[in-house]
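1. A predicted structure for the sequence below; I have some questions about it.
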Amino acid sequence: MSTAATAPRRVAIPVPVRRRRTRHWRRHAIHGAGAALLFLALLPVLWLVQMSFRPNADILNAGLIFAPTLDNYWALGSAGFPASFLNSLLASTGSTVLSLVIGVPAAFSLARYRFRANKQIAMWILVTRMAPPIAFTIPFFLAFTWLGLMDTVSGLVLIYLTFNLAMVVWTMKSFFDAVPRSLEEAAWIDGAGVWQAFLRVTLPLAAPGLAATGILCFILSWNDFFFALILTRTNAMTAPVAIVNFMQYAGWEWGKIAAAGVVVLLPVLVFTFFVRSYLVRGLMAGGVKE
Amino acid sequence: MQAKIRRRQILAGGAAAGGLFALPGKAPAAGGAKPLQGVTLNVSCWSAPYPLMLAKYIPEFEAQTGAQVIYTTPSFPVYNQRMDIALATRSDAYDVINVTFIYIGRWVGAGWVLPLDPYFNNPKLTPAGWDAADFLPGTTTVFKNAAGELCAIPWIADVMMAAASRYDIMQQAGFVLPDTFAQMPKMLAAVNNKDGLPGFVTENHYGWTFIGYLQGYGANIFRNPPHDLMPVLDTPEAVAAADFFCNLLRSYGPKGVLSYTYDEVAAELKQGGMIYTTENEDFVAPMAMPPSKVQKTCAFSMFPAGPAGRFPQIATHGWGIPIGSRHKDAAWQFIAWSMSKELLLRMFRDQGWSSLTRRSIIEMPEFRQKLTLNGYDVAKMYLDTVNLGEKGYMAYRTVPPYPQVDREIDIAIGNITSGQMTPKAAMAAAQKNSITQLHRAGVKL
Amino acid sequence: MTAVTWSAEQRRAFTLGLLPALIVLAAVTLGPACYLVITSLTPLTPLTPGSGLDFSTPLANYSQALLDSSFVHSVWLQLELSAITVGLQTLVGLGLALLLNIESRFMEAVRTGFLVPMVLPPIVVAIIWKVLYTPGISPLYAVLNALGIAAGSLVTDPATALPALAVADTWEWFPFTLLMVLAALQMMPKEPLEAARIDGAGAWQMFWYVRLPFIRPALTVVVLFRLIDSIKAFPLIYVITNGGPGQATEVTNYYAFIQTFNFAYWGYGSAIATMMVLGVFVLSLIVARLGGTQAVTE
């Protein structure tokens, strides 16, 4: 692949992206290093998982050989976890749907039409990301008390809009930016309205992005801890808050606590697996500007 | 376990104590509606032994009255924070709550809990023989508001005691349970790390566990509560007390002693995970009962005396009704039931422990005998301490902004024990910050 | 491509598409923000009726905060925590990205695996690290001992508590920096690299003079986002240290939480939250200016 020694500096030699001058063993070495580092990185999670299968008598035992048991998981059924899971599910789904319904049209509008306030809107969205949750929690807490929205799933859905809506608009805009306008224009020429063209042409093309964004919304809502901690008590308590309650109830029985942790992280892992490539694209589109 | 998951669980939400779920209301044996049919009561208390034990009997209450009880017992700090928020917003989320000892001034003082006189004085609402006067005066005075009305029914007057989990080790080293502060370091130095065990542990709520030492050295938190609330945390006596206490933790405590919460200490005591402690009776007494591993090697004594005297701390908690509750009458029925002589006696007989604020229970010979733990007359220690408390040194607890000062003390002890500050500097900081907090709370000093 | 002229109808359609989002965003962000600032001018607390309308000393909360040694201390701690954790995340993410910058299906799978710490619920991350930092049930101390480091409990030692939290936070978020830097690296045109290689540049020079300038905008975005998010660190502190030992991990966010929700100083808490938002805003401007603004704003 080396060019002649006399080749000038910036010769545009079309080099296939995938071919690099790495030797075979170097490639394998890097693969090995990558796998090893991944294992190291995931070790904490694996430790938690193995703890969840340990009988409590064995927890302090440093050895790795033990007789696995599902007792810790059965104990979760009696601690109000099923109810909190349902709440998490409802709040996350509700927030995702609401954010997408409101945010996607806005993202499309921002992508296609140069509003005068584009820059300001972008700045505003960035600023809302900046605020620590407590900045929103205090006003929402006071408002919810008066409005009777304390300890309700709808209340959570409402406050989750503070981070989901901005994220949807920001992310979907970059996906829509990547869809060529020419296709919509063709539809317009055929007489379709703006939103008809959007639904028929753009949205199907941006479907992977939509899926990724929706999943991201869901994950962000599921993972929320602070808002749920302050704004829920018993009726709308979500899974992350239930774990904290459970930690004291379980009397420092680490096996049970580990089981609770595993149960709460499973949905997120499953979702992440199914949309992994979209997730990465979504994250990157959200941050890196072209 | 799965068989116990009932439909009610979907509604229950928060953590319930092990093995207890609200059973669906059973059909009345004889026809006719039950008094509280269709009422859902939200009851919450922090995770102390009595509330946890009470959980077992709640299904009976539900069966008798037809009510549905959602019972949650979070940890102490979580409970207090949630309850403070709920009460501050006059929420209707809870019907029966625990009035926590360091929040009495705040919650009762602000009028966030109902006076209960109209309830227990009303023969229609309270069964005859319930006997409201049966509760030890030392336990009820703290719950009286400015008008003299009782705003909570005390379920515990937990006293600070000293206890050994491995008294055998102490005896082998040639020591007995210390009666004064001066005797402690020598004993602890001799037993520390024997059998791989730390000599001394206590829970990290130092605003509670340290005060007995503070007052034992002749210092105090406020100059003259409840009238003169000027903090006096930086006096030489206070600094000396802090130095002494933190030295105990630092020299004889385990790794990470600062992270030990009360439930961890209670669990460890039963496992024989430490040799000596000064802790609540509620947490040390179970050492002598199954399933504790140290039933034969535990020992008990009154809280040791310092140079200025013996000041064992007393924590009174009681059941109360928030003013926002929508089921006040039903809430009272729960309180009356859970604190009835019959139930408490049954609990005592079944589980060896109960709520110990009723004179009728404490004066029973059976009580005396059952509370003779491993040969120690713990009942007498308890009563002696309650009597001592009548002297009034616990008045600081009833000060409304005490939670803020409580936190400053926690921080100061943490700073000293971890070596971040000297006792003098840390107590001076606590003093300064407490004054700031009191000002912020609107207190005139 | 031909220029498109917008008909009035189309303009209206786009405006209508944008409007609901703007209205909702205003309601859920601007509204509360205004309310937060207004509340910060009062000594609002439920213990004092009418305190919500007491504007007699509007800046009292702010001056109190600046004079409160706990608050000032918390700000320093926050800066320290943010510096350590963002620094570590960037280094680790950058290092890994450079190492794993090969195209292969195996690497794609590996990269997916690295997503895990980042998508876990933060509360579970807090539990994982609470377990890892508790002597007796964690292999960490055994490993440290084997390496010759006699460590007591890392989170009750004031010298190590904050860095220990930073390590946990880094573990949670390095995948973010890893993925972002990787994306930037892969978008890099090959010509400058080839040219440099032809000129005989070594690996370090390739990195410093060729790759780094190219990924600098991406790195700035990464640092900015991580900086903003580091201020929000809460579950780790809530579960592992509670602000302790003493106040060694009581960062501003946690301090505000205690003041607002333990003691019900709602007015005071609002003032602190307002200052936090302003502080983060200023920090972001500084970072953006240092890194090249075009990467951040549109």
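-> Received, thanks.
2. For whatever residue of the stretch 151-300 of chain B ends up closest to chain C, list the residues it contacts.
-> For the stretch 151-300 of chain B, the residue closest to chain C is B:Gly256, as judged by C-beta to the nearest C-beta, at 3.1 Å. Just so you know, the C-beta spots here come from the backbone N, C-alpha and C atoms, and that holds for glycine as well. Residues in contact with B:Gly256 (C-beta atoms under 8 Å, 6 or more residues apart in numbering or on different chains) are C:Thr134, C:Pro135, C:Gly152, C:Ser153, C:Val155, C:Thr156.
3. Quick check: the farthest pair among these?
-> Greatest spatial distance in these: C:Thr134 and C:Gly152, 11.9 Å, computed using C-beta to C-beta.
4. These two: who's more crowded?
-> Using other C-beta atoms under 10 Å in any protein chain shown as the criterion, C:Thr134 and C:Gly152 rank with C:Thr134 on top: 19 against 14.
5. For that one, give me its contacts.
-> C:Thr134 makes contacts with B:Gly256, B:Ser259, C:Ser153, as judged by C-beta under 8 Å, 6+ apart.
6. I'd assumed B:Tyr260 was in contact with the last one.
-> Think C:Ser153. No - the criterion here is C-beta atoms under 8 Å, and C:Ser153 misses it with B:Tyr260 at 10.5 Å.
7. of all the contacts of C:Thr134, which comes closest to A:Thr238?
-> Once C-beta to C-beta is applied, the member of the contacts of C:Thr134 that ends up nearest A:Thr238 is B:Ser259, at 26.4 Å.
8. which non-adjacent residue is nearest the closest one?
-> Spatial nearest neighbour of B:Ser259, chain neighbours left out: C:Thr156 (5.1 Å); criterion: C-beta to C-beta, 6 or more residues apart in numbering or on different chains.
9. nearest spatial neighbour of C:Ile228, skipping sequence neighbours?
-> Closest residue to C:Ile228 apart from its sequence neighbours, by C-beta to C-beta, 6+ apart: A:Met130 at 5.1 Å.
10. hang on, I meant B:Ile85
-> The nearest residue in space to B:Ile85 (C-beta to C-beta, 6+ apart) is C:Phe261, at 6.2 Å.
11. How about C:Phe207?
-> In space, C:Phe207 is closest to C:Leu98, 6.8 Å off (C-beta to C-beta, 6+ apart).
12. Could you report the distance from the residue in the stretch 1-150 of chain B that chain A sits nearest to to A:Phe85?
-> Nearest residue of the stretch 1-150 of chain B to chain A (C-beta to the nearest C-beta) works out as B:Ser75 at 3.4 Å. B:Ser75 sits 22 Å away from A:Phe85, going by C-beta to C-beta, to the nearest Å.
13. same question, C:Phe257
-> Distance from C:Phe257 to A:Phe85, by C-beta to C-beta: 26 Å.
14. cool, B:Gly256 as well?
-> Distance from B:Gly256 to A:Phe85, by C-beta to C-beta: 33 Å.
15. tell me the secondary structure for B:Ala163?
-> For B:Ala163, the secondary-structure state derived from DSSP: H, G, I helix; E, B strand; the rest coil is strand.
16. burial measure for C:Ala203, as a count.
-> 9.
17. Looking at it now. What's its pLDDT?
-> The score at C:Ala203 is 78. That number is its pLDDT.
18. Please apply the same query to C:Ile286.
-> If you check C:Ile286, the pLDDT there is 80.
19. residue contacts, it?
-> Counting by C-beta under 8 Å, 6+ apart, C:Ile286 has no contacts.
20. Next, give phi and psi for it.
-> The phi/psi pair for C:Ile286 (degrees, to the nearest 10) reads phi -60, psi -50.
21. on that earlier part again, quick one: which of the contacts of B:Gly256 is nearest to chain B?
-> C:Ser153 (3.1 Å).
22. Please list all residues in contact with the closest one.
-> B:Lys255, B:Gly256, B:Ser259, C:Tyr133, C:Thr134, C:Pro135.
23. Count the neighbours of the residue nearest to C:Ile272 when sequence neighbours are not counted for me.
-> Closest residue to C:Ile272 apart from its sequence neighbours, by C-beta to C-beta, 6+ apart: C:Ala256 at 4.3 Å. Neighbourhood size, C:Ala256 [other C-beta under 10 Å]: 27.
24. Just the residues contacting stretch B:391-404, thanks.
-> Outside stretch B:391-404, the residues that reach it (C-beta under 8 Å, 6+ apart) are B:80, B:84, B:101-106, B:109-110, B:142, B:211, B:215, B:220-222, B:225-226, B:229, B:311, B:313-315, B:405, B:434, B:437-438, B:440-441, B:443, C:47, C:262-263.
25. Could you turn the buried ones of the residues you listed into a ChimeraX selection?
-> Provided next is the ChimeraX selection string for whichever of these are buried by 16 or more other C-beta atoms under 10 Å in any protein chain shown:
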select /B:80,84,101,102,103,104,105,106,109,110,142,211,215,220,221,222,225,229,311,313,314,315,405,434,437,438,440,441 /C:47,262,263
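26. Just the ones of the contacts of stretch B:391-404 in helices?
-> B:80, B:84, B:104-106, B:109, B:211, B:215, B:405, B:434, B:437-438, B:440 (DSSP state H).
27. would you turn those into JSON lines with distance to A:Ala242 and pLDDT?
-> Formatted as JSON lines, the ones in helices among the contacts of stretch B:391-404 follow (distance: C-beta to C-beta, whole Å; pLDDT from 0 to 100):
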{"residue": "B:Asn80", "distance to A:Ala242": "19", "pLDDT": "90"}
{"residue": "B:Asp84", "distance to A:Ala242": "21", "pLDDT": "91"}
{"residue": "B:Ile104", "distance to A:Ala242": "29", "pLDDT": "90"}
{"residue": "B:Gly105", "distance to A:Ala242": "32", "pLDDT": "88"}
{"residue": "B:Arg106", "distance to A:Ala242": "28", "pLDDT": "89"}
{"residue": "B:Gly109", "distance to A:Ala242": "33", "pLDDT": "87"}
{"residue": "B:Ile211", "distance to A:Ala242": "34", "pLDDT": "96"}
{"residue": "B:Gln215", "distance to A:Ala242": "40", "pLDDT": "96"}
{"residue": "B:Val405", "distance to A:Ala242": "32", "pLDDT": "94"}
{"residue": "B:Ser434", "distance to A:Ala242": "35", "pLDDT": "93"}
{"residue": "B:Gln437", "distance to A:Ala242": "32", "pLDDT": "89"}
{"residue": "B:Leu438", "distance to A:Ala242": "36", "pLDDT": "90"}
{"residue": "B:Arg440", "distance to A:Ala242": "33", "pLDDT": "85"}
